[in-house]
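Participant: Just to be clear, the model below is a prediction. Sequence and coordinates:
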Amino acid sequence: MSLKQYILRGIRWIVRGVPEKNFTASISYLSPNNRLIGKKIIVTGGGRGLGFAMAKKFVAEGASVLIAGRNEDTLKKSADEIGCQYLPLDVSNPNTFEFFMNQANQMLGGVNCIVNNAGISLHESTFFDVTSETFDKQVNTNLKGGFFLTQKFVEILKKEQRTGTVLFTSSETGDTMDFRPYGFTKAAVNSMVQGLAYLFSKDGIRVNAVAPGVTTSDMTGFKADGNLYEPGSSIERVYLPEEVAETACFLLSDAAGCVSGQIITCNNAKTVNARWK
């Protein structure tokens, strides 16, 4: 702290009096397989891929979970397999978010966690393959949807005077240069995570992100039971969604009570110092 800051603090204390604040803290000790007891979690894009793996892990750890997505048949099948609830949702249409969040809150009996996982990549080969339509589609799904859904989530927390946790699914591409909309929407997500975490730090609302490398999914084309070889990976293979789900589980748990504003990259150091390479 600079001399100027010390002087300003002293002046404030003279004018307002020395603040009397008393803070206490407690440590959370979690039992294996019960790390998310009491958590009531919405997972967007939860019908398949990473969202499905996270939802399945959360239920196994004792959470009440509601998955959301566009395909109701897929949601129902996945919800039956996992043992959770579901609601249809198109994250690119913010006009439906208030109704969705009120429904989800009622179904879960008081939502306190949301995982903004739904995302889309159109894998444009060149800069000139990006169109206005494909640009908007990725921005609306990957960035705009998560922002406004989180807005409705936080409104409920504040209205009902609860603390909570927000988790975004970013990507390793968010930490590297990219000409594709997918990459720079994830860079924007990383900035949003830090901004929201700081904004709500005194409200008991934590905001973090997982940023996976390439995982097995319909979007990437890699199959969990197929060849996982990927020469561009630091460990020469792609990742399983279940590996990333373990990190997500920790970030939603009370064991991560002092962790907020962090983007946890799950790619075995592939993008360490990526900006300077």
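Facilitator: Ah, there it is. All values derive from a computational prediction rather than experimental measurement.

Participant: Just give the nearest non-adjacent residue to S201, would you?
Facilitator: Nearest residue to S201 in three dimensions, chain neighbours excluded: S260, at 6.3 Å (CB to CB, 6 or more residues apart in numbering). For the C-beta atoms, the positions are set from N, CA and C on the backbone; glycine is no exception.

Participant: ok, now N116?
Facilitator: Of all residues not flanking N116 in the chain, G146 sits nearest, at 3.7 Å (CB to CB, 6+ apart).

Participant: Model confidence at the residue nearest to S201, what's the number?
Facilitator: We have a pLDDT of 98 for S260.

Participant: same question, L66
Facilitator: 99.

Participant: before we move on, what about A197?
Facilitator: Looking at A197, its pLDDT stands at 98.

Participant: Name the nearest residue to it, sequence neighbours excluded.
Facilitator: Spatial nearest neighbour of A197, chain neighbours left out: G261 (3.3 Å); criterion: CB to CB, 6+ apart.

Participant: Next one: the one you found relative to A63, how far apart?
Facilitator: Going from G261 to A63 by CB to CB, to the nearest Å gives 23 Å.

Participant: higher neighbour count, these two?
Facilitator: A63 (25 against 17; other CB atoms under 10 Å).

Participant: Can you give me the distance of the more buried one to V154?
Facilitator: 19 Å.

Participant: cool, and G257?
Facilitator: From G257 to V154 the distance is 18 Å (CB to CB).

Participant: Compare neighbour counts for these two and give me the winner.
Facilitator: Each of G257 and V154 had its neighbours counted (other CB under 10 Å), and the higher figure belongs to V154 (19 against 15).

Participant: tell me the secondary structure for the more buried one?
Facilitator: helix (DSSP: H, G, I helix; E, B strand; the rest coil).

Participant: can you check I67 too?
Facilitator: With three-state DSSP as the basis, I67 sits in strand.

Participant: these two touch, right, it and K77?
Facilitator: No: look at I67 against K77 with CB atoms under 8 Å: they stay out of range, at 10.8 Å.

Participant: Okay, strands next: where are they in the stretch 151-277 of the chain?
Facilitator: With DSSP state E, counting those that start in this stretch, the ranges of strands along the stretch 151-277 of the chain come out as 164-169, 205-212, 263-266.

Participant: In a markdown table, list those along with distance to F97, mean neighbour count and mean pLDDT.
Facilitator: Formatted as a markdown table, these follow (distance: least, CB to CB, whole Å; neighbours: other CB atoms under 10 Å; pLDDT from 0 to 100):
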| stretch | distance to F97 | mean neighbour count | mean pLDDT |
| --- | --- | --- | --- |
| strand 164-169 | 14 | 26 | 98 |
| strand 205-212 | 17 | 25 | 96 |
| strand 263-266 | 24 | 20 | 88 |
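
Participant: could those strands be laid out in CSV, adding distance to N105?
Facilitator: Putting the strands of the stretch 151-277 of the chain into CSV (distance: least, CB to CB, whole Å) gives the following:
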stretch, distance to N105
strand 164-169, 11
strand 205-212, 15
strand 263-266, 27
